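S.K.: got a predicted structure here, sequence first:
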Amino acid sequence: MRSELNVISAVRRIEQQQLRWFGHIVRMKENRTVKVIWETETNKKKRRGRPRKKWSTEIARNLQKRGLNWYQAKLEAKDRIK
């Protein structure tokens, strides 16, 4: 039914938006605050209980679904047609 109406699922739309933002971050200048925070690794002690979902883990899962790894995805984001 979705294909007849040309409508994508909400989950698929969210994945597309996450990957779109990933592309924006990859193309940002190195000194932008958002990029600096994204590339910063913390050495905090882990909390008790279930680990929190991380944005980078979700992006890695979305990339894996599309048959890409981080390196390939970054190259494709930087080589985007302007």
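M.R.: That came through fine.
S.K.: for Arg32, phi and psi?
M.R.: phi -70, psi 140 (degrees, to the nearest 10).
S.K.: for the helix or strand harbouring Asn62, which outside residues touch it?
M.R.: Using DSSP states H and E, Asn62 sits within helix 55-65. If you take C-beta atoms under 8 Å, 6 or more residues apart in numbering as the criterion, helix 55-65 is touched by 15, 18-19, 22, 38, 69-70, 72-73. From N, CA and C alone the C-beta is placed, and that goes for glycine too.
S.K.: any figure for the gap between Ile14 and Trp21?
M.R.: 11 Å (C-beta to C-beta, to the nearest Å).
S.K.: state the mean pLDDT of the very next helix or strand once past the helix holding Asn62.
M.R.: Going down the chain from helix 55-65, the next helix or strand is helix 70-78, by DSSP H and E. The average of the pLDDT scores along helix 70-78 is 88.
S.K.: cool, and stretch 13-22?
M.R.: 92.
S.K.: ok, stretch 48-56 next?
M.R.: pLDDT averaged over stretch 48-56 gives 85.
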